[in-house]
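Student: predicted model and sequence follow; I will ask about them next.
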Amino acid sequence: MTSTTPQQQPRLGCGAVIQRADGAVLLVKRGRQPEQGHWGLPGGKVDFMEKVEDAVMREVLEETGLQVSIERLLCVVDHFEPTLQQHWVAPVYLVRVPGTAQAMRLEPEAILALEWFHPGAMPTPLTRSATEGLARLSMQG
């Protein structure tokens, strides 16, 4: 067994696949590392003593202004960033928004853009969590 420093411990994140009735998915363009400049799922870090589901709803609200409800867990992503010496574990949930709620970009330093994309027209590059979460969504129909 190897010893690790606190900086080398896995970190817990979370992500949300927000899908409209027409099938479009809300993605955010990341303004920070890891994966700066990539299109990804709304989400972020899980705080100490915070339930993952609560963190998903909080992060989506902070980034997009949307109040969501969790439908189900889609997958758990292991994301390794050796150059940043980071390892993230991120549960990705399918969530729903009520009615015709409008998303807003609320964290301009962290989120460069926010847009709805249809499954056949996804932007590039995508984050690892977005790639895995969207693949799982399409497999489950």
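Tutor: On my side now, so go ahead. Residues are numbered from 1 along each chain as shown.
Student: mind listing what the nearest residue to F80 once chain neighbours are set aside touches?
Tutor: Nearest residue to F80 in three dimensions, chain neighbours excluded: H87, at 5.5 Å (C-beta to C-beta, 6 or more residues apart in numbering). (Glycine included, C-beta is placed from N, CA and C.) Residues in contact with H87 (C-beta atoms under 8 Å, 6 or more residues apart in numbering) are 8-11, 78-81.
Student: which among these count as buried?
Tutor: The neighbour-count criterion (16 or more other C-beta atoms under 10 Å) marks H79 among the contacts of H87 as buried.
Student: tell me the buried residues in the worst-scoring helix or strand of the chain on mean pLDDT?
Tutor: Least confident helix or strand, the chain: helix 128-140 with a mean of 91, by mean pLDDT, DSSP states H and E. Applying a neighbour-count criterion of 16+ other C-beta under 10 Å, one finds 128-134, 136-137 buried in helix 128-140.
Student: ok, so of these, who is nearest L74?
Tutor: R136 (4.5 Å; C-beta to C-beta).
Student: so where's the chain shaky on pLDDT?
Tutor: By pLDDT under 70, the weakly predicted segments of the chain are 1-7, 141.
Student: tell me where it has helices.
Tutor: 52-64, 128-140 (DSSP state H).
Student: which among the ones you listed is found nearest to L114?
Tutor: Among the helices of the chain, helix 52-64 sits nearest to L114 (C-beta to C-beta), with 6.3 Å.
Student: which residues touch the lengthiest strand in the chain?
Tutor: Counting residues, the longest strand found in the chain (DSSP state E) is strand 69-81. Residues from elsewhere that reach strand 69-81 (C-beta under 8 Å, 6+ apart): 13, 15, 17, 33-34, 53, 56-57, 86-96, 98, 128-129, 132-133, 136-137, 140.
Student: which of these count as buried?
Tutor: If we count by 16+ other C-beta under 10 Å, those have these buried: 13, 15, 17, 34, 53, 56-57, 86, 88, 90-95, 128-129, 132-133, 136-137.
Student: sorry, back to before: for G120, state which of the contacts of H87 is nearest.
Tutor: H79 (25.2 Å).
Student: quick one: that closest one and A21, what's the gap?
Tutor: 30 Å (C-beta to C-beta, to the nearest Å).
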